[in-house]
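1. Pasting a predicted model and its sequence here:
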Amino acid sequence: MDYLHGLNAAQKEAILHTEGPLLIVAGAGAGKTKTITHRIAHLIASGVPAHQILAVTFTNKAAGEMRERVRKLLDGKTGTPLLTTFHSLGVRILREFHREVGVPRTFTIWDRDDSMKALKGILTKIGSDIAPKSALSTISKKKGDGVSGEEWARSSLNFREQAILRAWDLYEQTLREEGALDFDDLLLRTLTLLRTSESVRKLLQDRWTHLTIDEYQDTNKSQYEIARLLTGERRNLCVVGDTDQNIYSWRGADIEHLLGFEKAFPGAKVVTLEQNYRSTRTILAAANAVIVKNVRRKPKNLFSEKETGEPIHFYGAQNEIDEAWYVAQMSAALIESGFDPGKIAVLYRENFQSRALEEAFLHLGVPYKVLGTRFFERREVKDVLSYLRAALNPQSKNDITRIVSVPPRGIGKVTLDKMFAGDAGIPQAALSKVNAFRETLLAIKQAAQIAPASEAVRFAIEASGIEAMLKKDTEEGPERLGNVRELVNLSTKYDDLPPPEGIERLLEEAALQSEQDELALIEEKEKSGGSVSLLTVHASKGLEFDAVFVTGLEQGLFPSMRESETERDEEEERRLFYVAITRAAKRLFLSYARERMKYGSREYTVPSEFLEDIDTRLLTSASLPQRGERVID
């Protein structure tokens, strides 16, 4: 039982509980992933076949980390459990039971951009002035709640909701015509299948006898129901989460799923992990003081056997420019003192705050990266992915529309419409161009069906004409060509899978990538050197850094008080600040600006109410470091 060595008493208690419902309340930095992976190892050592264990989390990054740790613990002596994300699990189930669901096995997965584009056209067509983003948000929320358009139609709807419902009907029709599912369908269709097909439900319950759900506080209603239905009468469900890190209610995450676990699963065992292995005692004291004010939570008090650590630096800036220069100069001083820039993060509540920060970092020459446009959302990368998607799924009008003129091949909108209508009326000259385009897609499909993933991607880049097109572009071409070649490098990790599964997995990853997954991609590319990370607090969840700057701590900004919000969850804003604080391992810097430019006008501010919760004895008034001054011992 080597996997029990080095664990604390609470972790061992959780690991040794193998039958029946289990709730692990895991504080930030309390060894949650270690507990999950060592418990899986114990299940296998206790006689549970590896293939009967399913563990589900929320990001590819987290799933990959768990997968790697379990492999090391098992040392190749047995099979590997299925460690995946909710959406990837949905893809797996829907492809296996595609006939029962009524979708093609090679269905295309629409990302948010695809959905927005389709809804924009539909709303224009029906003469509605509802913003596509707003309509998509409503549809997404309903799907996350496990509600279909047909079910919503039975509700009492106002005029605006009726317009969205009409757009939803046409949107679903478009998805069917193109053999596609959107991001939320991966959960809703899986849930519908489990609800309506007893044979599929029983088969999957027997396939996975022990289920673990990570980040349980972030589950929406569809995810909650999927977990409940897969668990079945065995009730071998282990959920891991922390009410204090529930920050995604706007995505449908329901904190009640964790708060009400013992009621939903009577007799459940509850284990609380409170020993933190990440942060200094000073940082934890601040975090505990902030979060204890919340009422809707599972009580816990983080503690550490680490050193007391440095006091928390607090800086009151004159304005956002002054604040940005303080952060950039202090980051430079940290790097000069020996900090790895890749282990430094600057967090903010709203994306607009990054502008001033970027300017300061650029001026001082401090290396940085911003989590903004994701790799898979870059135009040239999406073009290659669309060629692959259209090759595997010729019904995908969305992808064909995107790539038919990339590079230009003389096929205009009129010809494209006739293509979709069955080629009637296309002149012979244009038809030859259409046939050449289709032959290109067929060649790419054949490559995907017989070649390793990376070779198929390389072939698509060349056969499509994208490579030649980018080589002709002397300005942006080299950088964009580098991006599509990076796609080839990325796809090598799927080369061991039998074709066309490797390409299908690549397309799945592209559609389901999260902010944390994007950061992992950047870190993998950097490997040496590294850059300071600039990101929102929401995007930082699940990550950790040696030094963290939490900026913009002003009333109305953090906590947020947006005018568009009809009701603000004050406890969620406090949880968000708690998450920000607990990302820091060694050094924590808090700052606010006395005045800030917002929407073209300068506003005077007051410090965030959250700052009042931190004992002043934990704080030290910060000032700009002098050139050459060491900022760590």
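-> Alright, I've got the coordinates.

2. ok, which stretches of the stretch 351-500 of the chain are helices?
-> Secondary structure of the stretch 351-500 of the chain, counting by DSSP state H, counting those that start in this stretch: helices at 354-364, 379-392, 397-403, 413-420, 428-450, 453-463, 466-472, 477-491.

3. Which one of those helices lies nearest to Thr106?
-> In terms of CB to CB, the element of the helices of the stretch 351-500 of the chain nearest to Thr106 is helix 379-392, at 4.8 Å. For glycine as for every other residue, the C-beta is placed from the backbone atoms N, C-alpha and C.

4. residues of that closest one that come out buried?
-> 380-392 (16 or more other CB atoms under 10 Å).

5. between that helix and helix 428-450, how many degrees?
-> 90 degrees (axes from the mean of the first three to the mean of the last three CA atoms, to 10 degrees).

6. then helix 379-392 to CSV, C-alphas only?
-> What follows is helix 379-392, C-alpha atoms only, in CSV (Å, rounded to 0.1, in the frame of the first residue of the first chain):
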residue,chain,number,x,y,z
ARG,A,379,-8.2,32.2,-38.2
GLU,A,380,-5.7,30.0,-40.0
VAL,A,381,-6.0,27.3,-37.4
LYS,A,382,-9.8,27.3,-37.7
ASP,A,383,-9.4,27.1,-41.5
VAL,A,384,-7.4,23.9,-41.3
LEU,A,385,-9.8,22.4,-38.7
SER,A,386,-12.7,23.3,-41.0
TYR,A,387,-11.2,21.4,-43.9
LEU,A,388,-10.8,18.4,-41.6
ARG,A,389,-14.4,18.7,-40.3
ALA,A,390,-15.9,19.2,-43.7
ALA,A,391,-13.9,16.2,-45.0
LEU,A,392,-15.3,13.9,-42.3
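
7. what angle sits between that helix and helix 453-463?
-> 100 degrees.

8. From the contact counts, what lies against helix 379-392?
-> In terms of contacts (3 or more CB pairs under 8 Å, 6 or more residues apart in numbering; DSSP states H and E), helix 379-392 is packed against helix 397-403, helix 428-450, helix 453-463, helix 466-472, helix 477-491, helix 501-512.

9. pLDDT weak spots in the stretch 351-500 of the chain?
-> Scanning the stretch 351-500 of the chain for pLDDT under 70 picks out the ranges 372-373.

10. And for the chain?
-> 1, 76-77, 372-373, 515-516, 518-529, 562-568, 599-601, 623-633.

11. Just want the most central residue of it.
-> Ser514 (2.6 Å; CA atoms, centre = their mean).

12. And for the residue lying closest to that residue once chain neighbours are set aside, the neighbour number?
-> Leaving aside its chain neighbours, Ser514 sits nearest to Thr59 (4.5 Å; criterion: CB to CB, 6 or more residues apart in numbering). When neighbours are counted by other CB atoms under 10 Å, Thr59 registers 21.

13. For Arg587, which residues count as its bridge partners?
-> Taking DSSP bridges as the rule, Arg587 bridges to Ala547.

14. mind listing what it touches?
-> 309-310, 313, 334, 546-548, 632 (CB atoms under 8 Å, 6 or more residues apart in numbering).

15. Export those residues as TSV, with columns for distance to Ala584.
-> Formatted as TSV, these follow (distance: CB to CB, whole Å):
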residue	distance to Ala584
Gly309	10
Glu310	10
His313	11
Leu334	12
Asp546	8
Ala547	7
Val548	4
Ile632	14
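
16. my guess is Leu204 meets Leu230, correct?
-> Yes. Leu204 sits in contact with Leu230 when judged by CB atoms under 8 Å, with a separation of 5.9 Å.

17. Mutual contacts of the two, please.
-> Leu194.

18. Which helix or strand contains Leu284?
-> Per DSSP states H and E: Leu284 is located in helix 281-291.

19. Buried ones in the following helix or strand past that helix, by neighbour count?
-> Remark: after helix 281-291, the chain's next helix or strand is strand 312-319, criterion DSSP H and E. For strand 312-319, burial by neighbour count (16+ other CB under 10 Å) applies to 312-317.

20. Can you lay out the residues you listed as TSV showing distance to Arg485?
-> As requested, those are arranged in TSV below (distance: CB to CB, whole Å):
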residue	distance to Arg485
Ile312	44
His313	42
Phe314	46
Tyr315	43
Gly316	47
Ala317	42
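
21. Pick out whichever of those residues sits closest to Leu157.
-> Ala317 (48.0 Å).

22. Double-check the closest one against Phe589; I have them as touching.
-> No. Ala317 lies out of contact with Phe589 (CB under 8 Å); the separation is 11.6 Å.

23. Tell me how many other residues crowd Asp615.
-> 11.

24. Quick check: it vs Ala285, distance?
-> To Ala285, Asp615 is 7 Å away according to CB to CB, to the nearest Å.

25. Hmm, Thr108 and Arg95 touching each other?
-> No. Shown here, Arg95 and Thr108 do not form a contact pair, counting by CB under 8 Å, at 12.0 Å.

26. which of those two has more neighbours?
-> Neighbours per residue (other CB under 10 Å) separate Arg95 from Thr108, with Thr108 holding more: 24 against 17.

27. pretty sure the more buried one contacts Arg389?
-> Yes. In this structure, Thr108 is within contact of Arg389 by CB under 8 Å, at 5.1 Å.

28. which neighbours do the two share?
-> Residues touching both Thr108 and Arg389 (CB under 8 Å, 6+ apart) are 396, 399, 507.

29. Return the closest of those with respect to Glu225.
-> Leu507 (26.7 Å).
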